[in-house]
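Trainee: Here's my sequence, what's the structure:
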Amino acid sequence: MRKWVLAIVVACLAVVLVGCGGGGAAEPADAEAGTGAAPAPAANPAEEVIADKSPVETTLTPSPFPSTLSTALPEAVQKKLDAGRPMLMFFYDTRELETKEQRAEIDAVLKEYRGLIDLVAFDVTAKSAGSAPEAAKVAVSLADDLGIKGTPYIVIVDKNGFITWRWLGYVDRDLIEREVLRATE
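Mentor: Numbers count the residues shown, from 1 in each chain. Next up, the predicted model:
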């Protein structure tokens, strides 16, 4: 009787171990391939594609800063583009909790790399408010022209006037630092 009980207990443990992945059997190689994301649909070449690296980072091909916008480019941005100064454009909404935290991360990077890159910040809080000052309307219009759908949003423009990096949402200073260095090389 003891032998039967012991055999049943060992058989149950073996089944549990194999079922939990402890059996040591290798999974087929194509099982992992089947769990990947579905292939992206073919892009229409007539449409302008705006790469948004959020929340999964992908390689962004630098694209020229748009020359045609729905409104005049803010003077601060135009001066930086004309002078060939790299800039970090920060679009934020003061009502969001992430704004202060994100700004602290940006300020830490800019303090460390003072003089390499300029900050141009835009408060787009007025995007949902009806009456807004002219500066806020220009900021919202620029955000729309750049394809910015949410905040906080960071756009880095290099000295040649190319957008080298875009990010929607919170990002830590290590990633911001890496992209600032890449844009200022």
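Trainee: Please count neighbours and contacts with C-alpha atoms only from this point.
Mentor: Will do.
Trainee: so where is this structure shaky, pLDDT-wise?
Mentor: 1, 6, 15-59, 126-132 (pLDDT under 70).
Trainee: rerun that using 50 as the cut-off
Mentor: 23-36, 45-47, 53 (pLDDT under 50).
Trainee: Which stretches in it count as helices?
Mentor: For the chain, applying DSSP state H gives helices covering 2-19, 29-33, 75-83, 98-112, 134-145, 173-184.
Trainee: Now render those as CSV, adding distance to residue 158 and mean neighbour count.
Mentor: Shown next, in CSV, are the helices of the chain (distance: least, CA to CA, whole Å; neighbours: other CA atoms under 10 Å):
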stretch, distance to residue 158, mean neighbour count
helix 2-19, 53, 11
helix 29-33, 37, 9
helix 75-83, 9, 14
helix 98-112, 15, 16
helix 134-145, 18, 18
helix 173-184, 5, 16
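Trainee: closest one to residue 120 among those helices?
Mentor: Of all the helices of the chain, it is helix 75-83 that lies closest to residue 120, at 7.2 Å by CA to CA.
Trainee: can I assume residue 139 is in contact with residue 122?
Mentor: Yes: the pair residue 139 and residue 122 qualifies as a contact (CA atoms under 8 Å) at a distance of 5.7 Å.
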